[in-house]
Structures are given as C-alpha cells and as structure tokens.
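Trainee: compute the structure for the input listed below.
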Amino acid sequence: MTSQHLIVLSLMGPALGGLLGFALRTRPTLAFASSLVAALTGLGAAFALVAATAQGQVHALHAGDWPSPYGIVLVVDGFSALMLAVCQLVVVASIIFAHRTLSARYRRRHLYALISTLSLGTSGAFLTGDLFNLYVWFEVLLLSSFSLMAMIGGREARDGTWRYVVINLVSSLLFLIGAGLIYGKTGTLNFADLHLKFQDAESSFLIDSSAALLFGAFGIKAALIPLAFWLPASYPNVPTALSALFAGLLTKVGLYAFYRVFGMVFVIDGSFPHQNILFGLAILTMVGGVLGAVAQGDMRRILSFHIISQVGYMALALALFTPLAIAAGIFYLVHHIVVKANLFLVTGLVESHAGTSKLNELSGVARSSALIASLFAIPALSLAGLPPLSGFFAKFALLRASLDVANWLAAAAIILVGLCTIFSMLKIWRYAFWGQASPHSEQFPRPLASLALTSGTLGAVTIALGLACGPAFGLAEQAAASLLDPSAYLEAVLGTQP
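Mentor: Prediction:
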C-alpha cells in the first residue's frame, strides 16, 4: 500500500465510521462496532504513515491530480504522522469507554457518529496542506464537539456548552478573516507556497497583521491564558469518556496549527511574528493553569486546569524556537495527549467505583480497588514528570533547551510549575486514594474489565515512551527538523525547494 493510499485510508476510516454511525442510530451496538473498526483502521494507517515518514520523508496527495498551489493537497510528514497516530489511539479508547459507561440515552443520539466525525476533522486538520482547508477541518471537529456537548443535560453543563460554542465561534471568525486577508495579499493559501511568498515579502505588515488574527484564533483553540476561560467551564461537565476525547484532541489541534503555521509558514530569518508575545503568554498559561489546578477540590476540575498549564509548556517550546525546543514540544504533545486522556478515563472509573470525583467525598480508593489506583498512578506520575515515565523526559528536554539559550525565566517556570503539578497530583492521591475505604465504594465491576484493559494500554504506552525515550525522541527530532527545514515539504508539494 502506497503512502497516498494510507493518507486516503486515514480519512476514509473515520468518514465511513461517521456515515455508518448515523445510519445505525437505532442500533447502538452495531454503531459502536462500526465506529471502533473505523477508528482501528485509521490507527493502523497512522502507524504505517509514522513508519513511512520516520527518516524525514514527506508524502503528498494532490486531489484530482491538480498541481499545487491551485488544487487541494494532503500532506503527511513526521509531525503530522505522529499526531495522527496518538490522536487515533485516544479515539479508540474513548469509543470503548463511551460504549461501556454511557447510558442508552447517549448511545442512541448519534454518539458514535459524532465521535467518528470529530476524529475525521482532527485527521483532516493534521493532513491538510493549506490554510483554508485547515479552517474547514477545524469547523468539522468543532461542530461535532458542539453536538456532543449539547447532549449533556443540566444548567451548569448548558452554561459551559454556550461558553465553549461562543468563544470558538469568535475563534473561527478570526481564523476566517485572517485567511481571507492572507489570500487577498498573496493570492494563495497553500502552506508551501505561502512559505515562499513570505520569504520575498517586502513589508512586514503583510505578515504581522495576518499573523495577529491567526494568533488569536489558534490561542483560543489551544486554550492559552487569557483565552482559556472556556475550558474549565466545559470539560468537567461532560461524561469522562467525552472529556478524555476533548482533552486529548481539541486543544492539541490548536497547538498543531500553531506549530505548523508559525513554525513553518511565517518563519523569516529564524523567527516568526509575535514570538515574544507567545513566550509571555506561555509562561502565564503555565503558571495560571497550575495555580488554578492547585486551588480545585474536584478531580475533573484539577485535570481541566492542568490541560491549560501543560498547553503552556508546549507553547513555550515553540516560543523558544530552537531545534531541541521544537523536538521537546512535539514529544510533549505526544506524551500529553496519551496521559491526559488516560487521567480523565481513570477519573471515570473512580466515579463509577465511589460515586463522585469530589475530593472531600472520596477516601481510600487504593484500599477498595488497587486496580483503579494503579491505573491512576501511572499517568499521574508521568504528568508530574517523574522518571522513568514520558513526562520526565518531555520536561527535561524542554528544560535543557531553555538552559541552552540561557533563558532563565523559562527554566525557572518549568521547574516551579513542575513542582506545583507534583503537589496537585499528591493532593488527589491524599484525598481520593489514601486513607480508609469509603463504605459507599463498590467493588470494581467485572463487566468493566475492558475499561481497565483500555486504560492500562494507554498506561503501557506512557511507560514505553519513557523506557524507549531514545527512539521516540528521535522521531520527534526528525519531525522538528522537517518543520524547521521545509525543503522536503516544498519538494513534495510544489516540486521545488527554497
């Protein structure tokens, strides 16, 4: 199977899953089976693409055989292949958890079709080779997430959904205006062609003004402070199977767009517009997010604020903009998608076991269910950055990149925020898992063993990323090199080099 076939398969899998899910709405078991097979198909294609790009290769598929920049082009390089693989892994896990934990009321309301459609939008965003289709794929995944959130009842859930919808509509408006201005100024929206156009731009205003709009759009989608208030109001109110899906995918697509557009398209003489602003917002996001997490008394809310804090780490890597920092940021993305999704899934197991995720109502889960405690410990320790798990190597690489350029503020923020993250994870363990078992706790239900296996698989991936850090980080370095030196990308898309 050629790389072009794999690109098509990585999109057709989720697309067919969505179509079958809509057609089988009244037969949720068949809808679940079709969406799971579709997600596994996309996962297999993504891993094959990782292997096909491991040595820096870039593969392009020109739709209708139209040459770039005139036609639609789908492009896969090391960065997009890694993101495809890890996000599809989270989709598979979320589908399994949704099937096992959500009631028939959810499963009969296009649940599996919407998850597949969200997966399709995510995959398209990673593969697209132009700015307009990036906007289109963003809208596909956002409409799917809007619909999934709209299923949730209750006033607090509705308020969070409205915040999520309104702020993301503002983001989409900024994105569309920015894309329109770029097209009006350059006559193209193809990433490769824009890279060449901007190298020859005579006025920095052409770049800076358009970049400011896209910066705002991506900042909202990635949940950078002060644009992140929608996230802790939305994620804690949806079922954990869906909050794991959102935590693993939504903000990471925004970060991917930051890396792709600002790390490749807008780069001139080793820097990009608003780089210093991104650095300041990254530090603010790291600190603000972790302080918000420390102040919370509910597992879901703690994890939601930690998404914001960890987004700051990944934005900081781009702001430092050195080869090591970019590689650390890409490795951090891969690590965080798996770990954060898994933490939300385990929180769902805690809720099914103890009936709540509020710390003041939890106690002794480790005594009543050592299995749940073990499933939580692995991603929690990785998020805290303890060796030999993946989080340690992600933070260590970013710290080293900061020290290499003598950026002491970044280094101090990485260390201090890391310590606060350890504190918040210990807080969860102290209240929820330590102490005497609650009399309301139930034994871990045997029918949910598939959930433990799914969460354990994600935990095993976290351990493997740590123990095999050398090869895994090597893939991140190769992806970073392709991003910073887009000659292979330009060759694949345009048939030319800079």
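Trainee: gap between residue 183 and residue 193?
Mentor: Separation of residue 183 from residue 193 (C-beta to C-beta, to the nearest Å): 11 Å. Glycine gets a C-beta too; all of them are placed from N, C-alpha and C.
Trainee: between these two, who's got more neighbours?
Mentor: A direct count of neighbours by other C-beta atoms under 10 Å for residue 183 and residue 193 places residue 193 higher, at 22 against 15.
Trainee: now that one: which helix or strand?
Mentor: Residue 193 is part of helix 191-199 when elements are defined by DSSP states H and E.
Trainee: got the buried residues for that helix?
Mentor: The neighbour-count check on helix 191-199 (16 or more other C-beta atoms under 10 Å) flags 191-198 as buried.
Trainee: please work out the average pLDDT along it.
Mentor: The average pLDDT within helix 191-199 is 86.
Trainee: by contact count, what packs against it?
Mentor: helix 155-186, helix 487-494 (3 or more C-beta pairs under 8 Å, 6 or more residues apart in numbering; DSSP states H and E).
Trainee: swap the cut-off to 6 Å and go again
Mentor: Packing partners of helix 191-199 (3 or more C-beta pairs under 6 Å, 6 or more residues apart in numbering; DSSP states H and E): helix 487-494.
Trainee: the stretch 251-400 of the chain: helices as residue ranges?
Mentor: Assigned by DSSP state H, counting those that start in this stretch, the helices in the stretch 251-400 of the chain fall at 275-294, 299-320, 323-354, 365-368, 370-384, 390-404.
Trainee: neighbouring contacts of the very next helix or strand once past the last one?
Mentor: Counting by DSSP H and E, the next helix or strand C-terminal to helix 390-404 is helix 408-428. The list of residues contacting helix 408-428 from outside it, by C-beta atoms under 6 Å, 6 or more residues apart in numbering, reads 283, 286, 290, 293-294, 299, 302, 316, 380, 384-385, 395, 398-399, 402-403.
Trainee: same thing with stretch 61-73?
Mentor: 4, 7, 60, 74, 129, 188, 190, 193, 493-494.
Trainee: what's the most distant pair in those residues?
Mentor: Farthest apart among these by C-beta to C-beta are 4 and 188. That separation is 22.9 Å.
Trainee: quick one: which of these two has more around it?
Mentor: Using other C-beta under 10 Å as the criterion, residue 4 and residue 188 rank with residue 188 on top: 18 against 14.
Trainee: in terms of pLDDT, where does the more buried one sit?
Mentor: 88.
Trainee: is it in a helix, a strand, or coil?
Mentor: Under DSSP: H, G, I helix; E, B strand; the rest coil, the three-state class of residue 188 is coil.
Trainee: quick one: contacts for it?
Mentor: Shown in contact with residue 188 (C-beta under 6 Å, 6+ apart): residue 69.
Trainee: give me the most central residue, this structure.
Mentor: Centroid-nearest residue in the chain: residue 252, 2.7 Å away (criterion: C-alpha atoms, centre = their mean).
Trainee: rewinding a little: just the buried subset of the contacts of stretch 61-73, please.
Mentor: 7, 60, 74, 129, 188, 190, 193, 493-494.
Trainee: just put the residues you listed in CSV and tack on distance to residue 278.
Mentor: Shown next, in CSV, are those (distance: C-beta to C-beta, whole Å):
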residue, distance to residue 278
7, 30
60, 29
74, 28
129, 24
188, 25
190, 24
193, 24
493, 26
494, 28
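Trainee: quick one: contacts of stretch 319-335?
Mentor: Outside stretch 319-335, the residues touching it (C-beta under 6 Å, 6+ apart) are 82, 86, 275, 278-279, 282, 313-314, 317-318, 390-391, 394, 397-398, 401, 465, 473, 476-477, 479-480.
Trainee: just the buried ones from those, in ChimeraX syntax?
Mentor: Buried residues within the contacts of stretch 319-335, by 16+ other C-beta under 10 Å, are selected in ChimeraX with:
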select :82,86,275,278,279,282,313,314,317,318,390,391,394,397,398,401,465,473,476,477,479,480
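Trainee: check the offset of the helix holding residue 193 from the chain's centre.
Mentor: 26 Å (C-alpha atoms, centre = their mean, to the nearest Å).
Trainee: now that helix and helix 487-494, what's the angle there?
Mentor: 110 degrees (axes from the mean of the first three to the mean of the last three C-alpha atoms, to 10 degrees).
Trainee: what residues sit buried inside the helix or strand following helix 191-199?
Mentor: Using DSSP H and E, the helix or strand that follows helix 191-199 in sequence is helix 204-222. Neighbour-count burial for helix 204-222 flags 206-207, 210-211, 213-222 (criterion: 16+ other C-beta under 10 Å).
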